[in-house]
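Student: no FASTA, just this:
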Ligand code: THU
């Protein structure tokens with residue numbers, strides 16, 4: 001039997017076309033790049049999440065002199081929310097970046113490890129997390145659910 005996996009997402013020409021709440025979240029992600037510690041890659045990433053409580057929480061990539069020890073902005077943020085706001089759920093997350101020698105004018109997309117972590121949080125909340133991806137300017141991608149980023153991702157429910 002032949003099957004097909006597809007999902008819909010939005011591609012907006014610029015951030016000004018986003019609803020105000022999403023514009024604010026993206027702006028928080030852009031500002032969050034300033035707290036990145038990225039002396040090895042010079043690629044600063046910022047993430048911001050809107051919680052069910054209405055709070056906006058930020059995270060950024062934190063690199064290590066032992067390179068694999070470093071952590072992406074998305075997982076910095078998710079783990080911090082899981083630890084500090086265990087009762088809240090995440091409504092949406094925006095990700096942006098500031099590279100040292102390049103313009104930040106197109107979206108970047110979370111790495112594979114972050115996709116698994118995002119999926120884990122969605123499964124934990126039993127609710128989708130909207131994902132907003134953009135550079136400091138330029139087009140914006142909006143995905144309705146983090147699960148769109150990881151088709152056939154591992155669901156920890158099988159461990160129970
Ligand atoms: N990085 C993130 O923080 N998030 C992403 O979505 C992609 C990559 C970080 C990891 C590393 O510190 C730097 O960007 C270059 O890969």
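Tutor: It's in. It should be emphasised that the depicted structure is a prediction, and the values quoted were computed from it without experimental measurement.
Student: which bits of this structure sit near the ligand?
Tutor: The chain has residues 38, 41, 43, 45, 61, 63, 70, 72-74, 108, 110-111, 114 near the ligand, with proximity defined as C-beta under 6 Å from any ligand atom. For glycine as for every other residue, the C-beta is placed from the backbone atoms N, C-alpha and C.
Student: quick one: which of those sit in strands?
Tutor: 43, 45 (DSSP state E).
Student: In helices, which of the residues of the chain next to the ligand fall?
Tutor: When the residues of the chain next to the ligand are checked against helices (DSSP state H), the matches are 73, 74, 114.
Student: Quick check: nearest residue in space to residue 97, chain neighbours excluded?
Tutor: In this structure, residue 97 finds its nearest non-sequential neighbour in residue 45, 4.7 Å apart by C-beta to C-beta, 6 or more residues apart in numbering.
Student: And the strands in this structure, which stretches?
Tutor: Going by DSSP E, the chain shows strands at 10-12, 43-51, 56-60, 90-99, 130-134, 140-143.
Student: JSON lines for these, including mean pLDDT, distance to residue 123 and mean neighbour count?
Tutor: Listed next are the strands of the chain as JSON lines, based on pLDDT from 0 to 100; distance: least, C-beta to C-beta, whole Å; neighbours: other C-beta atoms under 10 Å:
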{"stretch": "strand 10-12", "mean pLDDT": "98", "distance to residue 123": "24", "mean neighbour count": "12"}
{"stretch": "strand 43-51", "mean pLDDT": "98", "distance to residue 123": "16", "mean neighbour count": "24"}
{"stretch": "strand 56-60", "mean pLDDT": "98", "distance to residue 123": "20", "mean neighbour count": "23"}
{"stretch": "strand 90-99", "mean pLDDT": "98", "distance to residue 123": "12", "mean neighbour count": "24"}
{"stretch": "strand 130-134", "mean pLDDT": "98", "distance to residue 123": "15", "mean neighbour count": "24"}
{"stretch": "strand 140-143", "mean pLDDT": "98", "distance to residue 123": "16", "mean neighbour count": "20"}
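Student: which one of those strands lies closest to residue 79?
Tutor: strand 56-60 (8.2 Å; C-beta to C-beta).
Student: what distance separates that closest one from the middle of the whole chain?
Tutor: 10 Å (C-alpha atoms, centre = their mean, to the nearest Å).
Student: follow-up on the earlier one: who wins for most neighbours among the residues of the chain next to the ligand?
Tutor: Ranked by the number of neighbours (other C-beta atoms under 10 Å), the residues of the chain next to the ligand place residue 73 first, at 29 neighbours.
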